[in-house]
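# Fold the following, please.
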Amino acid sequence: MRALQGAILLVYCTLVIGDVYMHNPRGSNNRLDEDTANRKNNNRLFDSQNNNKGGYNTGDRFTSEGGSRPERFYSMQYYGSGASSSREGSKLMVEWTNQHGCGSDESKLLCNIVVQYMCQSNGTHDDYPRGNGGSSNDVEERTLYMRDGTSTDTQKYSEPRKGESDRSYNSRMEKNYEDNSDYKEGLHETVYWYDQCRYREANGGLFTADQDLDKDSVGYITASRTRQNNEGDRSGYECPEERDYFPYWQPTLQSENLDRFQRTPWIDLAWLGDKTKCNYIKQNSFNRRSKWRCVLSRDSEERPYGRAINEKDCDDEGGKWVEFKSFLEVLTDVTSESACRAEQRKGTRNKIFWTQLRSDSSKEYCVVQAPEIKCDEAPWTRVNHLGNSGDSKSADSSRLEVELPYFPSGEAKRCTLRLRYNITTADYDPWTTDSSSNDDDDVIENNPEVDVLENGDELQLALNTAQTGRTFQDRSHVFVVLPRTSEMASKKIYNLNVRGKRGNIVQTFPAVEYDFVPDKLEISRSDLVHVQWTGSNSHDNKNDGDDGQGKGGTDRHNMLQFKSLDENYPLKISQAKFWDGVRSLTDPDATGEDIAVGLATSGYYCAKRETGKCPSKLTSSRKRNLDDELDNAPASYFGHVLKFSKSGTLLYMCSRNNNFSNRSQKGKLIVK
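I've put the predicted structure just below:
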């Protein structure tokens, strides 16, 4: 088959390519709850290409490990943005480190950062898959419900064979849905998405240098083979070609039709790189531009997808070239165009349309369009250094402040955030070099020998053509986006969280030690701050060491007011006067002193006195025996959404982790 029609599409697909670790939200690097320094399975959910030692465990809700019970794990819960685009943003600081440098005209390589998220309806407690039963609900939950899982194993998969009949396809996919999907194993992308990838022909217009891509089990080279993954190794249900190239030319929808959980495609949040490419990135993001795919059949007894990746080859294959639209949400309760227009008038953050989701169906929906992708310069970092960004006055890790989405349905959503770090050499132009330069040693070759002395003595260069364009990525654990309460209307919300894990600087590397994120926050008095953190009870690293205070292997945090950033003694609660001007939107009965007690004890005491959310038996007035290093306090704490009645500055610290000369966990909140 020929490559995609229209050379422009091939020319300007940048290769999404050095080690990258996300610190807020906590990047998993494919970890779950390991008690070892190295992760157990580097292919659990996605292909990170990172060091096995990176990443953070998923959070534990209580004082012991979650084990086989998903309800004992903790997912971070953020309140989403509101309907107004200017006043109601929910701000989340995404923080990461990348090893091989990025940003500025002085960079020693070409790079970009791609940030995306995928969401679905959170549903109810009963929607989380609990077993491998054969009912339609059980199967749907196991194959669609996004989750971290309780096992470090990878979901199983039965692959297609050359010449597979529709009957064989149905039998195989029934096995994938009913037998291979396991409730204990994590799930991001769906098996439906990955099976398309195993049929879809690889884009033959791409530059693969001198790398030979293996044929797939269907008899030709598919999208599961790339220059970086020429043997088609599987990582969860991620499609390698989609992972390695952005913007991708096919729709990233995870189901054939709108499913029960409304699983979104990948939503493009930000692209950070050469700003001269911003128009192209925005115009080709699936958020706002439809993508086309070859549909072979709408009959449930026949395979719906095939080989073709352009319209002519789709016709030759007997399929229909179909337009698909992305969506942030579909308002299924809105059943008319006039009612849909009324939804649009309720806010300015999202564009809402009455439209088809696919061009081969006349069915129309009230569709909430994904926001336009943010495009900006990448933060500058130097090569061979997993450290702070050079363009930050406060010497932070690379950061991007994003606004969490607004879902007009008012439903809670569960999401994962994906950050890809892409590097390539400038020995050729990655935006214009295509398959016509494959196997051309004048463009680039593997480990070339060069006669720089011009006397026949050659020097060998260390160039691996599978890595001169390369993708690294990290993903968050699953988190929840909550609908706002009425008291949060017309307010900005800033999320104040914690990064890091148990150990000293050597033991945690390439993760980091504890700190608050952001550690300096300046807001207006009308803004809100949601203080929340999560931690693990199994960050003990076995024989690699886990220095720190309290019980080995455990993360614990608290927040205490103190007088000066260069001091280390907190104020007593009665002296912590900042809290006099603070109230909680999540526990309206709580006084400032109640809030301070909860934050000081990570929720071991939920308040000083009984409130509407804190029963008397859990208050510091009745309950006793808080461990002095917080060992019996919960590893994770939902905290409070704080509102402020007066201006002031809060200097705060963590009593357990602020170990002078070893680690400093302090922060500053300025309310103007």
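# Point me to the residue sitting closest to the centre of this protein.
Nearest to the geometric centre of the chain sits Leu417, at 1.4 Å (CA atoms, centre = their mean).
# What's the local residue count around the closest residue to it other than its chain neighbours?
Setting aside the residues directly before and after it, Leu417 is nearest to Ser476 in space (CB to CB, 6 or more residues apart in numbering), at 4.3 Å. From N, CA and C alone the C-beta is placed, and that goes for glycine too. When neighbours are defined as other CB atoms under 10 Å, Ser476 has 23 of them.
# pretty sure Ser476 contacts His23?
No: using CB atoms under 8 Å, Ser476 makes no contact with His23, being 10.4 Å away.
# Quick check: the residue nearest to the centre of the chain is in a helix.
No: assignment of Leu417 by DSSP: H, G, I helix; E, B strand; the rest coil gives strand, placing it outside any helix.
# residue boundaries of the strands in the stretch 201-350 of the chain?
245-246, 267-272, 291-295, 320-324, 329-330 (DSSP state E, counting those that start in this stretch).
# list the buried ones in the longest one?
When neighbours are counted by 16 or more other CB atoms under 10 Å, the buried residues of strand 267-272 are found to be 267-272.
# Just the CA atoms of stretch 199-216, as PDB, please.
Taking Å, rounded to 0.1, in the frame of the first residue of the first chain, the C-alpha atoms of stretch 199-216 are listed here in PDB:
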ATOM      1  CA  TYR A 199      -4.200  -4.300  11.700                       C
ATOM      2  CA  ARG A 200      -3.400  -0.700  10.600                       C
ATOM      3  CA  GLU A 201      -0.600  -0.500   8.100                       C
ATOM      4  CA  ALA A 202       2.500   1.400   9.200                       C
ATOM      5  CA  ASN A 203       2.800   4.800   7.700                       C
ATOM      6  CA  GLY A 204       5.200   4.100   4.800                       C
ATOM      7  CA  GLY A 205       6.100   7.800   4.400                       C
ATOM      8  CA  LEU A 206       8.000   8.000   7.700                       C
ATOM      9  CA  PHE A 207      11.700   8.300   8.000                       C
ATOM     10  CA  THR A 208      13.000   5.100   9.600                       C
ATOM     11  CA  ALA A 209      16.700   5.600   8.700                       C
ATOM     12  CA  ASP A 210      18.400   2.200   8.200                       C
ATOM     13  CA  GLN A 211      16.100   0.400  10.700                       C
ATOM     14  CA  ASP A 212      14.300  -2.700   9.400                       C
ATOM     15  CA  LEU A 213      10.800  -3.000  10.700                       C
ATOM     16  CA  ASP A 214       9.600  -6.600  11.200                       C
ATOM     17  CA  LYS A 215       6.300  -7.800   9.600                       C
ATOM     18  CA  ASP A 216       3.500  -8.300  12.000                       C
END
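# in it, what's buried?
For stretch 199-216, the neighbour count (16+ other CB under 10 Å) marks 199-209, 211, 213, 216 as buried.
# which two in those residues are spaced the farthest apart?
Greatest spatial distance in these: Tyr199 and Ala209, 25.4 Å, computed using CB to CB.
# Is it correct that Arg130 is in contact with Thr150?
No: counting by CB under 8 Å, Arg130 does not reach Thr150; the two are 10.7 Å apart.
# Who has more neighbours out of these two?
With neighbours defined as other CB under 10 Å, Arg130 and Thr150 compare such that Thr150 has more, 19 against 15.
# what sits against that one?
32, 66-70, 73, 184 (CB atoms under 8 Å, 6 or more residues apart in numbering).
# Among these, list the two that are farthest apart in space.
Once CB to CB is applied, the contacts of Thr150 give Leu32 and Arg69 as the farthest pair, at 13.4 Å.
# Comparing those two, which residue is more hemmed in?
Using other CB under 10 Å, the more surrounded residue of Leu32 and Arg69 is Leu32, with 26 against 10.
# wouldn't the more buried one be in contact with Thr152 here?
Yes: under the criterion of CB under 8 Å, Leu32 makes contact with Thr152 at 5.0 Å.
# Quickly list what's touching both of those two.
40, 44.
# Kindly confirm my reading that Gly598 is in a helix.
Yes: according to three-state DSSP, Gly598 belongs to a helix.
# Identify the residue nearest it in space, chain neighbours excluded?
What sits nearest to Gly598 in space, not counting adjacent residues and going by CB to CB, 6+ apart, is Cys606, at 5.4 Å.
# Would you check that that neighbour makes contact with Ala600?
No: the pair Cys606 and Ala600 does not pass the contact test of CB under 8 Å, sitting 11.4 Å apart.
# just to revisit the earlier point, mind listing the residues bridging to the residue nearest to Leu417?
Gly27 (DSSP bridges).
# quick one: contacts for it?
Counted by CB under 8 Å, 6+ apart, Ser476 has contacts 22, 25-28, 416-418.
# so where is this protein shaky, pLDDT-wise?
1-18, 391-394 (pLDDT under 70).
# Please pick out the residue of it most distant from its centre.
Asn455 (52.6 Å).
# That one in helix, strand or coil?
Relying on three-state DSSP, one would call Asn455 coil.
# How about Ser436?
Ser436 - assigned by three-state DSSP - is helix.
# hang on, the earlier thing: looking at the strands of the stretch 201-350 of the chain, which is nearest to Tyr78?
The stretch from these with the least distance to Tyr78 (CB to CB) is strand 267-272; that distance is 14.0 Å.
# For the strands of the stretch 201-350 of the chain, give me JSON lines that also has distance to Gly387.
Output for those, formatted as JSON lines (distance: least, CB to CB, whole Å):
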{"stretch": "strand 245-246", "distance to Gly387": "26"}
{"stretch": "strand 267-272", "distance to Gly387": "18"}
{"stretch": "strand 291-295", "distance to Gly387": "38"}
{"stretch": "strand 320-324", "distance to Gly387": "41"}
{"stretch": "strand 329-330", "distance to Gly387": "38"}
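# Quick one: closest of the ones you listed to Glu567.
Closest among the strands of the stretch 201-350 of the chain, using CB to CB: strand 267-272, at 37.2 Å.
# Can you tell me what sits against that closest one?
Contacts of strand 267-272 (CB under 8 Å, 6+ apart): 112-119, 246-247, 277-278, 281, 285-287, 326, 328, 370, 373-379, 400, 402, 405, 417.
# Sitting in helices, which of these do you find?
Secondary structure from DSSP state H places 278, 281 of these in helices.
# Can you select the buried ones among the contacts of strand 267-272 for me in ChimeraX?
Here is the ChimeraX selection string for the buried members of the contacts of strand 267-272, based on 16+ other CB under 10 Å:
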select :112,113,114,115,116,117,118,119,246,247,278,281,285,286,287,326,328,370,373,374,375,377,378,379,400,402,405,417
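# I'd guessed Tyr421 sits against Gln473; true?
Yes: Tyr421 is within contact range of Gln473, at 6.9 Å (criterion: CB under 8 Å).
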